[in-house]
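[1] can't give you the sequence, but here's the structure:
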């Protein structure tokens, strides 16, 4: 990172002189950006923990209900809690517990208003607002607060709402819901000083009239130092011994199309190959029922595990598998967290998807086939199984090298910091 250090040092000195303060104050707004250990989602912690504690003051406003674990951080009757994690201050606000999509929508609106009101209690006036989706009410809160504090506004888009809802069949382009969210989307894009996207290209944004110079790409990644430090921990899962164990970790939902992997398992007449599914989701019971109906003996299901157990668990597998649906939306690319963990594991990967950024193919880290093609997925599985250990090791090492060079969170943190410093300098803050 030597090339950044000298430039960043001069920029930070200039900006702090302009704002008349010792620290650059960043306010991050995201209902689902929880303190580490409370959730498996940790993008913002992994990115911002690398920022200098002497140069930056980082406040995060988030909700109490942990979406991916369906747990509460706050105790009953508790309205607010401050948690400091490695210098990042998490301001946790109480909110509505939800199970249905309608109640979840209400929780989003409630968080929007709570974030606006709570911002008055912050000790430090923000120099920059960083609001992150997946839902647009985070962005709306960021937009209004940026106007209030007269500071630059960065909008991070992690899901292309409302297009993702259409792709998942939750709504149609003719619905009132779609039109409302499409309008909010345009307002946010217009008012953001910078848009940070996780997509592989800027095509979607230019297609809706956004200047490509306003858009920056910063994908998900993996904290390799943290990952490697956990490799010797004991995994909570014991896989079948002397078998070829293929692992999938993460959500078992509609978007994950795991039913295609079960069809592959049904076709493969080899008890030496075991498919292991680790995680939870609305489709899990249906998948288990299908395994029972098919009388499959080569499929195992496991409960979700703590993110800290991922490295030691992947280490015990022989290959990873990641299918994605055949969605037109993926022509803009994908950035699934599990993919970077798979690369970090140094294990070969079977990927099934039609996407703009086929990272497995690009890194030569496994076998890539088209989306939802059961025969081709089966052939990929058998091809990898029939390889020598040495051949699989080469593929795994290719993936590890690829993630080290491109997707370590230390590299991604520098990208974010550069965007922030350039924006503050351009705005003469």
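    Looks like it came in fine. What you see is a predicted model; the values in this text were computed from it and never measured.

[2] can you give me the strands in the stretch 251-400 of the chain?
    273-278, 299-302, 319-323, 349-352, 366-369 (DSSP state E, counting those that start in this stretch).

[3] possible to save these as CSV with mean neighbour count and mean pLDDT?
    Every residue, glycine included, has its C-beta placed from N, CA and C. Shown next, in CSV, are these (neighbours: other Cβ atoms under 10 Å; pLDDT from 0 to 100):
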stretch, mean neighbour count, mean pLDDT
strand 273-278, 22, 98
strand 299-302, 18, 98
strand 319-323, 25, 98
strand 349-352, 25, 98
strand 366-369, 23, 98
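
[4] what's the closest of those strands to residue 259?
    Nearest to residue 259 among those is strand 319-323; the distance by Cβ to Cβ comes to 9.3 Å.

[5] ok, the residue nearest to residue 225 when sequence neighbours are not counted - contacts?
    Nearest non-adjacent residue to residue 225, counting by Cβ to Cβ, 6 or more residues apart in numbering: residue 410, 7.7 Å away. Contacts for residue 410 were tallied using Cβ atoms under 8 Å, 6 or more residues apart in numbering; they are 1, 50, 223, 224, 225.

[6] and the second one, how many neighbours does it have?
    Looking back up the chat, that one is residue 50. 18 (other Cβ atoms under 10 Å).

[7] could you list every helix and strand in contact with the helix or strand hosting residue 178?
    If you go by DSSP states H and E, residue 178 is part of helix 176-191. Helices and strands touching helix 176-191, by 3 or more Cβ pairs under 8 Å, 6 or more residues apart in numbering; DSSP states H and E, are helix 136-149, strand 153-157, helix 163-167.

[8] repeat that with 7 Å
    In terms of contacts (3 or more Cβ pairs under 7 Å, 6 or more residues apart in numbering; DSSP states H and E), helix 176-191 is packed against helix 136-149.

[9] buried set for the helix it packs on?
    136, 137, 138, 139, 140, 141, 142, 143, 144, 145, 146, 149 (16 or more other Cβ atoms under 10 Å).

[10] just curious, which of the residues you listed is nearest to residue 167?
    residue 136 (16.3 Å).

[11] who touches that closest one in this structure?
    161, 181, 184, 185, 188 (Cβ atoms under 7 Å, 6 or more residues apart in numbering).

[12] cutoff 6 Å now
    161, 184 (Cβ atoms under 6 Å, 6 or more residues apart in numbering).

[13] any idea how far residue 96 is from it?
    Computed as Cβ to Cβ, to the nearest Å, the residue 136 to residue 96 distance reads 18 Å.

[14] again, but for residue 54
    Distance from residue 54 to residue 96, by Cβ to Cβ: 39 Å.

[15] surely residue 81 meets residue 94?
    No - shown here, residue 81 and residue 94 do not form a contact pair, counting by Cβ atoms under 6 Å, at 9.0 Å.

[16] look up phi and psi at residue 81.
    Here is the backbone geometry of residue 81 (degrees, to the nearest 10): phi -150, psi 140.

[17] cool, and the one 10 residues further on?
    Dihedral angles of residue 91 (phi, psi; degrees, to the nearest 10) stand at phi -100, psi 100.

[18] that one touches residue 61, doesn't it?
    Yes - under the criterion of Cβ under 6 Å, residue 91 makes contact with residue 61 at 5.0 Å.

[19] out of those two, which sits in the busier spot?
    Ranked by neighbour count (other Cβ under 10 Å), residue 91 and residue 61 place residue 61 first, with 27 against 19.

[20] what helix or strand is that one on?
    strand 56-63.

[21] before we move on, what about residue 27?
    Short version, using DSSP H and E: residue 27 is in strand 24-29.

[22] next, the angle from that strand to strand 153-157.
    Using axes from the mean of the first three to the mean of the last three Cα atoms, to 10 degrees, the inter-axis angle of strand 24-29 relative to strand 153-157 is 40 degrees.

[23] leaving out the residues flanking it, which one is nearest to residue 155?
    Using Cβ to Cβ, 6+ apart, the closest residue to residue 155 is residue 192 (3.8 Å).

[24] what's the burial count for the one you found?
    24.

[25] ditto for the one 3 residues further on
    Burial of residue 195 is recorded as 22 neighbouring residues (other Cβ under 10 Å).

[26] mind checking how far it is from residue 158?
    12 Å.

[27] repeat for residue 343
    Residue 343 is 20 Å from residue 158, by Cβ to Cβ.

[28] same thing with residue 350?
    Counting by Cβ to Cβ, the gap from residue 350 to residue 158 is 25 Å.

[29] before we move on, what about residue 88?
    Counting by Cβ to Cβ - residue 88 and residue 158 are separated by 18 Å.

[30] same question for residue 245.
    31 Å.

[31] same deal with residue 166?
    17 Å.

[32] so the two - more neighbours on which side?
    Per other Cβ under 10 Å, whichever of residue 166 and residue 158 has more neighbours is residue 158, with 21 against 18.

[33] for the more buried one, give me phi and psi.
    The phi/psi pair for residue 158 (degrees, to the nearest 10) is phi -100, psi -20.

[34] ok, now how distant is residue 274 from residue 246?
    Taken as Cβ to Cβ, the span from residue 274 to residue 246 is 7 Å.
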